[in-house]
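Student: from the sequence below, what's the structure:
(4 chains)
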Number of protein chains: 2
Amino acid sequence: MKVLKGDCMNLDDRKKKILSSVVEDYISSAEPVGSKTLVDKYHLEYSSATIRNEMKLLEEEGFLEQPHISAGRIPSTKGYRYYVDNLMKEQKLSMVDISYIDNSITGFGDTEKLLEQAADVISKILLRPTVLTLKQQDLLENIKIVKVSDKLLLIIILSQNGTVKDCFAKLTDVVQDQIIDELTEVLNQSLVGTPLENLSLVLNNVIAKELNNFSFVLDKICESIKYEMEKDCKKLNANVETILDLPEFSDAEKAKNFVNMISTKEIIDDTIEKAISNDLGIIIGSESKEVMLKDCSIISLDIQKNKKHIGKISVISPKRLDYSKTISTLKYINSKFKNLLLNDKEEGG
Amino acid sequence: MKVLKGDCMNLDDRKKKILSSVVEDYISSAEPVGSKTLVDKYHLEYSSATIRNEMKLLEEEGFLEQPHISAGRIPSTKGYRYYVDNLMKEQKLSMVDISYIDNSITGFGDTEKLLEQAADVISKILLRPTVLTLKQQDLLENIKIVKVSDKLLLIIILSQNGTVKDCFAKLTDVVQDQIIDELTEVLNQSLVGTPLENLSLVLNNVIAKELNNFSFVLDKICESIKYEMEKDCKKLNANVETILDLPEFSDAEKAKNFVNMISTKEIIDDTIEKAISNDLGIIIGSESKEVMLKDCSIISLDIQKNKKHIGKISVISPKRLDYSKTISTLKYINSKFKNLLLNDKEEGG
DNA sequence: GTTAGCACTCATAACATGAAAGTGCTAAAA
DNA sequence: TTTTAGCACTTTCATGTTATGAGTGCTAAC
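Tutor: Purely as a prediction, here's the structure:
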């Protein structure tokens, strides 16, 4: 981004009013905004000629762009940024949205389900796809083994972040209840506090060292856990199809490119990683180094539990999006999570 | 569908060859197939004029259609049906596909996860969206309650079909291990064999009748289970975005309509319900009464466990799809499930 | 400093044109 | 009788042309 002469970030009231109107009109209409539109729709008390002059200056200073010489103006990345930082009024969520969120995010599931629900809800309210990035550094809280039938065990892995994973182990021989109880105890003694991604490694050591006599059960359990842990649970795209409603993607080819792009781990992961500052991160267009994102914005919410961050929910959209509503929605979700996740372990420390 | 004169379903060899070539060429090219193309590409030993005559007859008998007078032919619903029933050669899956399936469907998760994996894998191999319909009539196998911390319980609900659901109950007071054990026993005694959808109803009765003294715990558990059971777990669209690659949806508006359509429960549910006969159901275009599906085909696989059917995986596509590969893939998946699901309870009876 | 007025630019839509693809039909060939 | 070569015909698609309209920048007057 180029830095312009010092005064450029200090717009006078009229310029602010015009910039703000252009941004808001373009956000809702997706059409370049002309001087006449501004006078008619936004009742600015200047003539269209004056506004044209001002818009020309705003363009020279980099806040607005013109798709072609005889078109109206659209906000540039810098324009959006100025709007978000200085002009935008925080929006109250409608009762409809609030009640939809409240009814959808209930807190009965585990943390991962909760985050998935939230990603889905956000996507439905904002009509944009969301990406859920789970923090993988999570420690084992507890392992339970449930005997479903003589040869089938259900293994439940509870993490300190509150995620529950379960998988089956199919045995070749019948196993007695007592063995399972013992095994559970030994496993918990050896494994509690282990990072989940090391679980199968440490398990191997445990088997080798002290649990040789249980190996016919343990091998199967180990195999199951290993598989479950290696599964790629880092990302999830919710409601990609929402983009089909946007005029930006009236061409299916563009829609396809967008979908491919947001499915490319590296692009999104890298960008989101850098996005966060103080719960909420906003990256607009070319502020991201990634060229493929130059026309997109990413608004990311960092979700914390016990002061450790456990995941991020990111809204991915063309630059043209309702920043105000997006931010309000994410903030509301965040406040909800603060309540939902805190209560889990008040007593735990 | 109109029924034509008796002999029409008995095509001579040349007509079969031509029909088959038209279908296969159109499936792979998505362009109307002309007589010259057939001669050049498929080395039919007749001149283009002969083939034109035959195609005209095939059209009169309803097997082919012509988008406009100077275009090539495309298969009609009846043409596809004849192809599927009489002409199509069963395709062997490629090693790549087989190994992808084998590596993706492992059997470590519960039945629901397994079905989700399968729906996803099928969608990725066939490049079409899939819909998973879970049979909701499922009986309780077992409930386990795990104490996560003094005031937080994890409830694990195991169904006879092999699905695991878990949810948390947050208590207002500390609860002792012994109470949980007792409670678990009582709950299992009262609830095993209950249809999952009645669970909260029966739970209410249990509370009312005999478990008044546990109510401070049980109320919370009940609330959690109720929520978990009422959640709509009937359907899931995997990889809707795959349709963006199809020329049928080069117009984003059409893509949007398709996505909306397959998100409409009633349309899909009703159609799929009727689709199955003997594991595999194939509904082509206007064979479905639903007008919105007139250009789509649905290939449905019925998945069984212990001779009860537990869910369906359905491929939804424009009529133009590789029926042979689709059917081979679904059959292979089915054979895999036969193994995976049988072993679960060999001993259960 | 503001605004009316006007010439100018460019996108878009409507229409015309020509080439390409593919047909159906006829008459000759097998 | 069946097959095929040849040709007139139809329609789509891409291209080119033109007219319209939205919106601008600039100038001169207020």
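Student: how is chain A partitioned into domains?
Tutor: Following automatic domain parsing, one finds the domains of chain A at A:6-87, A:95-136+A:233-345, A:140-230.
Student: and chain A, which residues reach DNA strand D?
Tutor: Proximity of chain A to DNA strand D, by Cβ under 7 Å from any atom of the strand, involves residues A:31-32, A:34-37, A:48-49, A:52-53, A:55-56, A:59, A:66, A:69-73. Just so you know, the C-beta spots here come from the backbone N, C-alpha and C atoms, and that holds for glycine as well.
Student: out of the residues you listed, which are buried?
Tutor: A:32, A:34-35, A:37, A:48, A:52, A:55, A:72-73 (16 or more other Cβ atoms under 10 Å in any protein chain shown).
Student: those: which two are farthest apart?
Tutor: A:32 and A:48 (14.7 Å; Cβ to Cβ).
Student: thinking again about what came up before, distance to residue B:213 added to the domains of chain A, as TSV?
Tutor: Below are the domains of chain A laid out as TSV (distance: least, Cβ to Cβ, whole Å):
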stretch	distance to residue B:213
domain A:6-87	57
domain A:95-136+A:233-345	24
domain A:140-230	26
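Student: export those domains as a markdown table, with columns for mean pLDDT.
Tutor: Shown next, in a markdown table, are the domains of chain A (pLDDT from 0 to 100):
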| stretch | mean pLDDT |
| --- | --- |
| domain A:6-87 | 91 |
| domain A:95-136+A:233-345 | 88 |
| domain A:140-230 | 85 |
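Student: mind checking which of those domains is nearest DNA strand C?
Tutor: Of all these, it is domain A:6-87 that lies closest to DNA strand C, at 2.7 Å by Cβ to the nearest atom of the strand.
Student: quick check, the closest one touching chain B?
Tutor: No: with Cβ under 8 Å from any Cβ of the partner chain as the criterion, chain B is not reached by domain A:6-87; the gap is at least 13.9 Å.
Student: who's in contact with stretch A:251-258?
Tutor: For stretch A:251-258, the external contacting residues (Cβ atoms under 8 Å, 6 or more residues apart in numbering or on different chains) are A:243-244, A:248-249, A:296, B:241, B:244-245, B:249-252, B:255.
Student: next up, phi/psi of residue A:74, please.
Tutor: phi -130, psi 160 (degrees, to the nearest 10).
Student: isn't it right up against residue A:65?
Tutor: Yes: Residue A:74 lies in contact with residue A:65 (Cβ atoms under 8 Å); the separation is 5.4 Å.
Student: and these two? Which one has more around it.
Tutor: Legend: neighbour count by other Cβ atoms under 10 Å in any protein chain shown for residue A:74 and residue A:65, higher for residue A:74 (21 against 16).
Student: so who does that one touch?
Tutor: Counted by Cβ under 8 Å, 6+ apart, residue A:74 has contacts A:22, A:26, A:32-33, A:64-67.
Student: now do the helices in chain A.
Tutor: A:13-29, A:35-42, A:48-60, A:77-82, A:95-104, A:111-126, A:177-191, A:199-210, A:215-230, A:252-263, A:265-275, A:323-342 (DSSP state H).
Student: so which of those comes closest to residue B:326?
Tutor: Closest among the helices of chain A, using Cβ to Cβ: helix A:252-263, at 22.1 Å.
Student: does DNA strand C have contacts with that closest one?
Tutor: No: using Cβ under 7 Å from any atom of the strand, helix A:252-263 stays clear of DNA strand C, coming no nearer than 14.4 Å.
Student: that helix to helix A:265-275, inter-axis angle?
Tutor: 60 degrees (axes from the mean of the first three to the mean of the last three Cα atoms, to 10 degrees).
Student: in helix A:252-263, what counts as buried?
Tutor: A:252, A:254-256, A:258-259, A:262.
Student: distance to residue A:123 added to the residues you listed, as a markdown table?
Tutor: Shown next, in a markdown table, are those (distance: Cβ to Cβ, whole Å):
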| residue | distance to residue A:123 |
| --- | --- |
| A:252 | 20 |
| A:254 | 19 |
| A:255 | 16 |
| A:256 | 19 |
| A:258 | 14 |
| A:259 | 14 |
| A:262 | 12 |
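Student: identify the residues contacting the spatially most central residue of chain A.
Tutor: The centre of chain A sits closest to residue A:313, judged by Cα atoms, centre = their mean, with a distance of 1.7 Å. For residue A:313, the contact set (Cβ under 8 Å, 6+ apart) comprises A:115, A:118-119, A:122, A:130-133, A:300-301, A:303, A:330, A:333.
Student: run through the bridge partners of it.
Tutor: Bridge pairing for residue A:313 (DSSP bridges) gives the partners residue A:132, residue A:301.
Student: next: residue A:168.
Tutor: residue A:154.
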